[in-house]
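1. coords please:
(one chain, ligands or ions: 2)
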Amino acid sequence: MNYYSTKNKDISKSFREAVIEGLPADNGLFMPEYIPQLPKDYFETIQDKNIQEIAFDILKPFVEDDLNEEQLRKIIIKTFSFDFPLQKINGNNYALELFHGPSYAFKDVGATFLALCLEEFYKEEQEECTILVATSGDTGGAVAAAFSKVKNIEVVILYPSGKVSELQEKQLTTFDQNVKALEIDGNFDDCQQLVKQAFLDADLRKHLNISSANSINVARFLPQMVYYFAPFIEFGNEPLTIAVPSGNYGNLTAGLIAQEMGLPVKQFITGANSNDVVPRFLNSGKYQPKPTIQTISNAMDVGNPSNFQRMMDLFSENKIKEKVKGYAFSDEATLEVMKKVNSENDYLLDPHGAVGYLSLTEYMKTSEGIGVFLETAHPCKFMDVVKKVTDKNILPDSAQALMQKEKKSVKMEVDYERFKEFLLQ
Ligand SMILES: Cc1ncc(COP(=O)(O)O)c(C=O)c1O
Ligand SMILES: N[C@@H](CCOP(=O)(O)O)C(=O)O
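-> Ligands and ions are numbered 1, 2, ... in the order given. You can find the predicted model right below:
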């Protein structure tokens, strides 16, 4: 399987090349050149499989030219090493909990898979590499945890100063060794823009091997297809409605590719906070990015999502509007539903999962069947918001220990030349 650029279909890179380069030089995004098809009867026996076996079936065709079966199995066992439980909330509505990994957010899957792929590739190359990552809160923590012990790889995390939660910030800024945090005086889109500019800077790339750990990297977003299969281990081949709380749209894009492979999704729903550029597009046909708005679901504070390019590469405008229904919700509605579900169903949503739940229940007002929303982060990551819902202490011991550690970051304006200087130091 090779990968093309969304800006130039003649570009053809192996999986290994696409992962190492991160972003094509033409500022497009890498895409698999075809979507493998699962056997028609795959879902008749899916209940006999575990998530690691499914991950192997799903990911093999995307990587097999560069990772042999033994390497892939090893990577999968380490990546899918925690549970993805399904919790019934009420009626036919279920939460798929994706936050039982090391950083308490769904990003652990993609970050670990990417780190282990790069470790394999750089083991052979004997070279060093710098991973650049822009984060609105969760990607950075997952990447820091996944890469903290990987040899020959340095990580530089850019995060928007004052716009991530306290626990998220500790996850970004308390690793010594190979992980450095840059606290940017701007928003997530500024961080993402600085990273993208670095990839387009031929001079920088002459001096430094850089790659990306955002969902722009194919090894970050493709493994995110796998957990969409988890509810089908319980429900077999029954088509499900799946709601995805979205920001940079890597997660939804992974789900759409899984659906193209054969995953029986009846309908995808996307839920956004006030950063509603994609729901507005789905409902009006106009794609008009706006400056980022700060919300209580901060990891979804993205004004100009990277993966919109991939969605438009996969489908025509009419097709995407059929495949995905989009809704947006205010902070007031998010907090209100967190309180309601906590008191009526004894389930504590995090603010991102709450947006997913809101979008699912909105759609289900006029539809039938089983609905699943992705619970993408543990509520303990957002204690400032959670305190308004419950006074229970929900902080796990490991997070408590992290909160005691000292923050180490370098402050920086949104200034590409300073960023470049920092990278070349
Ligand atoms: C907790 C949480 N939920 C949802 C999202 C949105 O995911 P995506 O950027 O893949 O749309 C993010 C960040 O990306 C997140 O950290
Ligand atoms: N919500 C993300 C933003 C970056 O998304 P990514 O999936 O492209 O890495 C975050 O938490 O940083």
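
2. for ligand 2, what are the nearby residues on the stretch 151-300 of the chain?
-> 214-215, 247-248, 250, 299 (C-beta under 6 Å from any ligand atom). For every residue, glycine as well, the C-beta is placed using N, CA and C.

3. Near ligand 1, which residues of the stretch 151-300 of the chain are found?
-> Residues of the stretch 151-300 of the chain lying near ligand 1 (C-beta under 6 Å from any ligand atom): 215, 245-252, 299-300.

4. Quick check: Ile293 vs Glu183, distance?
-> 20 Å (C-beta to C-beta, to the nearest Å).

5. One more: Asn152?
-> 26 Å.

6. What's the local residue count around Ser316?
-> Number of residues near Ser316 (other C-beta atoms under 10 Å) recorded here: 9.

7. can you check Lys392 too?
-> As a burial measure, Lys392 scores 11 neighbours (other C-beta under 10 Å).

8. secondary structure class for the closest residue to it other than its chain neighbours?
-> Closest residue to Lys392 apart from its sequence neighbours, by C-beta to C-beta, 6 or more residues apart in numbering: Leu348 at 7.8 Å. Following DSSP: H, G, I helix; E, B strand; the rest coil, Leu348 is assigned to coil.

9. just for the protein, where's the confidence low?
-> The model of the chain has pLDDT under 70 over residues 124-126.

10. Which helix runs longest in it?
-> helix 107-125 (DSSP state H).

11. tell me which residues of that one are tucked away?
-> Applying a neighbour-count criterion of 16 or more other C-beta atoms under 10 Å, one finds 107-122 buried in helix 107-125.

12. Which one of those is nearest to ligand 1?
-> Minimum distance to ligand 1 across the buried residues of helix 107-125 is 6.2 Å, recorded for Lys107 (C-beta to the nearest ligand atom).

13. Name the secondary structure element that contains the residue nearest to that closest one when sequence neighbours are not counted.
-> Spatial nearest neighbour of Lys107, chain neighbours left out: Ala142 (3.5 Å); criterion: C-beta to C-beta, 6+ apart. Per DSSP states H and E: Ala142 is located in helix 138-147.

14. ok and that helix relative to helix 107-125, angle-wise?
-> Helix 138-147 runs at 40 degrees relative to helix 107-125, counting by axes from the mean of the first three to the mean of the last three C-alpha atoms, to 10 degrees.

15. which strands and helices sit next to helix 138-147?
-> Packing partners of helix 138-147 (3 or more C-beta pairs under 8 Å, 6 or more residues apart in numbering; DSSP states H and E): helix 107-125, strand 129-134, strand 153-160, helix 166-173, strand 179-184.

16. what would these look like in JSON lines with distance to Pro289?
-> Below are the helices and strands packed on helix 138-147 laid out as JSON lines (distance: least, C-beta to C-beta, whole Å):
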{"stretch": "helix 107-125", "distance to Pro289": "23"}
{"stretch": "strand 129-134", "distance to Pro289": "16"}
{"stretch": "strand 153-160", "distance to Pro289": "17"}
{"stretch": "helix 166-173", "distance to Pro289": "24"}
{"stretch": "strand 179-184", "distance to Pro289": "19"}
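
17. show me the contacts for Asn342.
-> Counting by C-beta atoms under 8 Å, 6 or more residues apart in numbering, Asn342 makes contact with 348-349, 389-390.

18. how far away is it from Ser297?
-> From Asn342 across to Ser297, the span is 16 Å (C-beta to C-beta).

19. mind checking the end-to-end distance for stretch 42-60?
-> 15 Å (C-alpha to C-alpha, to the nearest Å).

20. can you pull the buried residues of that stretch?
-> Burial within stretch 42-60, assessed by neighbour count using 16+ other C-beta under 10 Å, is assigned to 42-43, 46, 49, 51, 54-60.

21. Would you list the phi and psi of Phe268?
-> With angles defined as degrees, to the nearest 10, Phe268 sits at phi -90, psi 140.

22. thinking again about what came up before, go through the contacts of Asn342 and name the one nearest Pro396.
-> Leu348 (13.2 Å; C-beta to C-beta).

23. what about that closest one, how many neighbours?
-> So Leu348, with other C-beta under 10 Å, has 19 neighbours.

24. hang on, it packs against Lys339?
-> No: here Leu348 lies out of contact with Lys339, judged by C-beta atoms under 8 Å, at a distance of 10.1 Å.

25. all helices in the stretch 301-425 of the chain, in order from the N-terminus.
-> 308-314, 317-323, 331-345, 351-364, 383-386, 397-403, 416-424 (DSSP state H, counting those that start in this stretch).

26. Including distance to Lys88, could those helices go into TSV?
-> Output for the helices of the stretch 301-425 of the chain, formatted as TSV (distance: least, C-beta to C-beta, whole Å):
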stretch	distance to Lys88
helix 308-314	30
helix 317-323	26
helix 331-345	9
helix 351-364	13
helix 383-386	21
helix 397-403	26
helix 416-424	47
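
27. and the nearest residue to Ile210 once chain neighbours are set aside, how many neighbours does it have?
-> Of all residues not flanking Ile210 in the chain, Thr130 sits nearest, at 5.2 Å (C-beta to C-beta, 6+ apart). Thr130: 17 surrounding residues under other C-beta under 10 Å.

28. Who are the contact partners of Thr130?
-> 153-156, 208-211, 423.

29. Take those and lay them out in CSV including neighbour count.
-> Below are the contacts of Thr130 laid out as CSV (neighbours: other C-beta atoms under 10 Å):
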residue, neighbour count
Ile153, 21
Glu154, 18
Val155, 24
Val156, 22
Leu208, 17
Asn209, 16
Ile210, 22
Ser211, 23
Leu423, 19
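
30. Looking at those residues, which one is closest to ligand 1?
-> Of these, the one sitting nearest to ligand 1 (C-beta to the nearest ligand atom) turns out to be Val155, at 17.4 Å.

31. Surely the closest one is in contact with Gln177?
-> No: with contact defined as C-beta under 8 Å, Val155 does not reach Gln177; the gap is 9.6 Å.

32. so what sits against both of the two?
-> Joint contacts of Val155 and Gln177 (C-beta under 8 Å, 6+ apart) do not exist.

33. that older thread, give me the beta-bridge partners of the residue nearest to Ile210?
-> Taking DSSP bridges as the rule, Thr130 bridges to Glu154, Ile210.

34. Give the full set of residues in contact with the nearest residue to Pro223 once chain neighbours are set aside.
-> Spatial nearest neighbour of Pro223, excluding adjacent residues (C-beta to C-beta, 6+ apart): Phe113 at 4.1 Å. Residues in contact with Phe113 (C-beta under 8 Å, 6+ apart) are 75, 79, 219-220, 222-223.

35. farthest-separated two in these?
-> The widest separation within the contacts of Phe113 (C-beta to C-beta) is 13.3 Å, between Ile75 and Arg220.
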